[in-house]
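> A predicted structure for the sequence below; I have some questions about it.
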Amino acid sequence: MKRIIYREWRIPPARYWGLLGILASVVGIGALAFAYMEHEGHWVSGMSNSVVWGTPHVFAVFLIISASGALNIASIGTVFRKPLYKPLGRLSGLLSAALLMGGLLVLVLDLGRPERLVVAMTTYNFRSIFAWNIFLYSGFMAIVIAYLWSMADRHGEPYNRPIGIFATFWRLALTTGTGAIFGFLVARQAYDAAILAPMFVVMSFAYGLAIFMLVLMFTFAEEGRPIGGRILCRLKNLLGIFILGVFYFTLVYHLTKLYGAKNHDLVGWLLLDGGIYTFMFWVGWILVGGLMPLGIIYHPVLSKEKNWIAAACALVIVGGLASMYVIIIGSQAYPMQMFPGQTVLASGFFDGVQGEASRYSPTIPEVLLGLGGVAIALLVTSVGVRVLQFLPESLADDVLPVDEEKIVEQGPAGAKA
Amino acid sequence: MGVAAGVTAAVVAPGVVLHSVTAAPRSEAVTSDVRWGLLIDTAKCADGCSACVDACDRENGLNLQSKPEGASQEHWDDQKAVWIRKVKLQDNQTGRVTNLPMMCQHCEHPPCVDVCPTGASFKRADGIVMVDRHTCIGCRYCMMACPYKARSFIHKVMEDQLTRVPRGKGCVESCNLCVHRRDFGEESTACVDACREAGHEAIVFGDLKDPESTIRKHLAEMASRQIREDLSLNTGVRYSGI
């Protein structure tokens, strides 16, 4: 094992500025989309009084839970003392902070009154999970910055593990809180399920790791830094476990809903008759986001190819966005069951007449605002790795620390080394 | 100094008492001695009648909303503010048809108030659930949480509105039991008046805490229910015949 050296990302300036230019353009277009929606009002979006949270929330929630998941890598190194993951900690922390920034910006810019953010920061109702989340999000940002300091500065080293443990608990609370935003809503049938909170935690592991792996592979490939098979194999296997975890929670969620007669219609609609939401569930969430990446990850040949691993990560991200679309928008589109045992024949406010779901089609400004958030996260990451020493010089097999299993085999002396 | 302050207070104190006696009712704090509510007799609610909806629209300036240029009518119908709507139901087992108006149910334990991050969604001491438009940030979490789909988000710039019902783009709103009337001590709501004028008298407004009020007497006589009783929200709006 050699000493891990971290170095700034030194790709050729033209390439770097080109990348930054593209990201800044997407951010700029997102800002214009925000300005348009803010000036005109939300009527230019696909949102309505029936589907009140639209595509910006899909992106925002995806980015926020991914932020929490991206920190997983640092936690595995610090909290669970896996030496192999230690060199990845800094990038994990940076990406985590960047993704949270992107997600929160989208969330805030989609408010009806974004200029009143100061009200949200100064006036609290502590019964609201949303209010707790304001503390969870801002606290997370501060903790990640402290965590990064403890990883990068020699003076911070003694505090590294305590901060890491604290960050892990905070991260779990954050994702639980985000899942609870939906899970605690008794009004809507598809929510009203506490299992959404742990489901969001596992989803965050999968989506955060997929984004982390893509960023890692891209930055390394661009500069020609070596990544060995050992680390990639560990990361992709971990991703496989997380995808299986998402499957497990998805299954239990639907079984829970299916067990009660009152939810038969909901599950039937979502799995069979929900149109775009059924498609998004089976094709997006299950096939693209689950089965296909699993097929790659556990394939004897493909799983050894970097490009295929990258493809698996991309599929997990696409599937993750689809799952958010189903959870956030599909659950709102399904009519609220106000009158069990009765069919709504007519309504002055779209109360699911004849069981019909509410309509929603995302408009371009909504999508651009969401993409702007993604671009912000990538822009912050790009600048971060360029100006500070976040990336290890090499992740080649011989550079990386030995696996902890081998340390145990070597006995206590080896463990100290 | 302390003496001076005491003297001032002594001088001011009678003035305050005098002020509260002579002032209009709106300057008095709302108390929990009353709880305003509605009783809807669905047997009297006529199919095809929209008197309550039209009256609410006029009372609260909702009839001043206009479709933005370029918006589809269908989409706008789901984006414009609706505080009260008519719903027509059919029992799946018996085929019995029921008509009823739906609006904010003014819950004792309102989910919209629980979830509001800034406390803009609040319940007055007299049971009216409403939105403080100065602190609403337009996050729409209350709309996610309301089991009655009672709330509307203002999707476009307000071109016209009534002084008594200030409204603004980007905030959430809903039926507030004609709160401006409450503050001036008036006895009814626009929907109740309109229903009576239309000859149906399907909606009764009153104080749920006063045993002598008409609404309490009606509630004592006829079986009534809350919509989504399973949530134990103790709604201020009750329905008979469903």
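Thanks, I have it.
> Can you mark which positions in the helix or strand hosting A:Val118 are buried?
Assigned by DSSP states H and E, A:Val118 belongs to helix A:117-122. Buried residues in helix A:117-122, counted by 16 or more other C-beta atoms under 10 Å in any protein chain shown: A:119-120. For the C-beta atoms, the positions are set from N, CA and C on the backbone; glycine is no exception.
> Would you pull up the residue in chain B closest to chain A?
Across chain B, the shortest distance to chain A (C-beta to the nearest C-beta) belongs to B:Gly138, at 1.8 Å.
> surely that residue meets B:His155?
No: counting by C-beta atoms under 8 Å, B:Gly138 sits too far from B:His155 to count as a contact (10.3 Å).
> neighbours of the residue nearest to A:Leu235 when sequence neighbours are not counted, just the number please.
Nearest residue to A:Leu235, sequence neighbours excluded (C-beta to C-beta, 6 or more residues apart in numbering or on different chains): A:Met213, at 5.4 Å. Using other C-beta atoms under 10 Å in any protein chain shown, A:Met213 has 25 neighbouring residues.
> And for A:Leu291?
Counted with other C-beta under 10 Å, the neighbours of A:Leu291 add up to 14.
> For it, give its distance to A:Lys304.
Using C-beta to C-beta, to the nearest Å, A:Leu291 is found at 20 Å from A:Lys304.
> quick one: contacts for the residue of chain B closest to chain A?
By C-beta atoms under 8 Å, 6 or more residues apart in numbering or on different chains, B:Gly138 lies in contact with A:111-114, A:116, B:153, B:170-172.
> Could you dump these into TSV with pLDDT and distance to A:Gly177 added?
Formatted as TSV, these follow (pLDDT from 0 to 100; distance: C-beta to C-beta, whole Å):
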residue	pLDDT	distance to A:Gly177
A:Leu111	96	18
A:Gly112	96	22
A:Arg113	96	23
A:Pro114	95	21
A:Arg116	95	22
B:Phe153	98	24
B:Gly170	97	25
B:Cys171	97	25
B:Val172	98	22
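> how about those in TSV, adding neighbour count, secondary structure and distance to B:Arg182?
Formatted as TSV, the contacts of B:Gly138 follow (neighbours: other C-beta atoms under 10 Å in any protein chain shown; DSSP: H, G, I helix; E, B strand; the rest coil; distance: C-beta to C-beta, whole Å):
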residue	neighbour count	secondary structure	distance to B:Arg182
A:Leu111	20	coil	30
A:Gly112	21	coil	26
A:Arg113	20	coil	26
A:Pro114	18	helix	32
A:Arg116	21	helix	27
B:Phe153	25	strand	24
B:Gly170	23	coil	26
B:Cys171	24	coil	20
B:Val172	27	strand	20
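> Name the nearest of the residues you listed relative to B:Asp230.
Proximity of these to B:Asp230 (C-beta to C-beta) peaks at B:Val172, which lies at 24.7 Å.
> So the closest one sits against B:Thr118, correct?
No: applying C-beta under 8 Å, one finds B:Val172 not in contact with B:Thr118, separated by 11.5 Å.
> Which neighbours do these two have in common?
By C-beta under 8 Å, 6+ apart, the residues touching both B:Val172 and B:Thr118 are B:Cys136.
> Which residue ranges of the stretch 301-417 of chain A form helices?
For the stretch 301-417 of chain A, the helices defined by DSSP state H, counting those that start in this stretch cover A:306-324, A:331-333, A:364-387, A:404-410, A:412-416.
> For B:Asp77, which of these is the nearest?
helix A:331-333 (16.1 Å).
> Give me the below-cutoff pLDDT ranges for chain A.
Counting by pLDDT under 70, chain A has low-confidence residues at A:1-2, A:404-417.
> before we move on, the earlier item: which of the three states applies to the residue nearest to A:Leu235?
State at A:Met213, reduced to three classes by DSSP: H, G, I helix; E, B strand; the rest coil: helix.
> Next, the contact list for the residue of the stretch 151-300 of chain A at minimum distance from chain B, please.
Residue nearest to chain B within the stretch 151-300 of chain A (C-beta to the nearest C-beta): A:Ala187, separated by 3.7 Å. By C-beta under 8 Å, 6+ apart, the contact list for A:Ala187 reads A:336, B:111, B:144-147, B:231.
> ok, whichever residue of the stretch 201-350 of chain A sits closest to chain B - how many residues close by?
For the stretch 201-350 of chain A and chain B, the shortest gap (C-beta to the nearest C-beta) falls at A:Gly348, measuring 3.4 Å. Using other C-beta under 10 Å, A:Gly348 has 16 other residues around it.
> Nearest residue to it in space, please, no chain neighbours.
Excluding the flanking residues, the one nearest A:Gly348 by C-beta to C-beta, 6+ apart is B:Arg85, at 3.4 Å.
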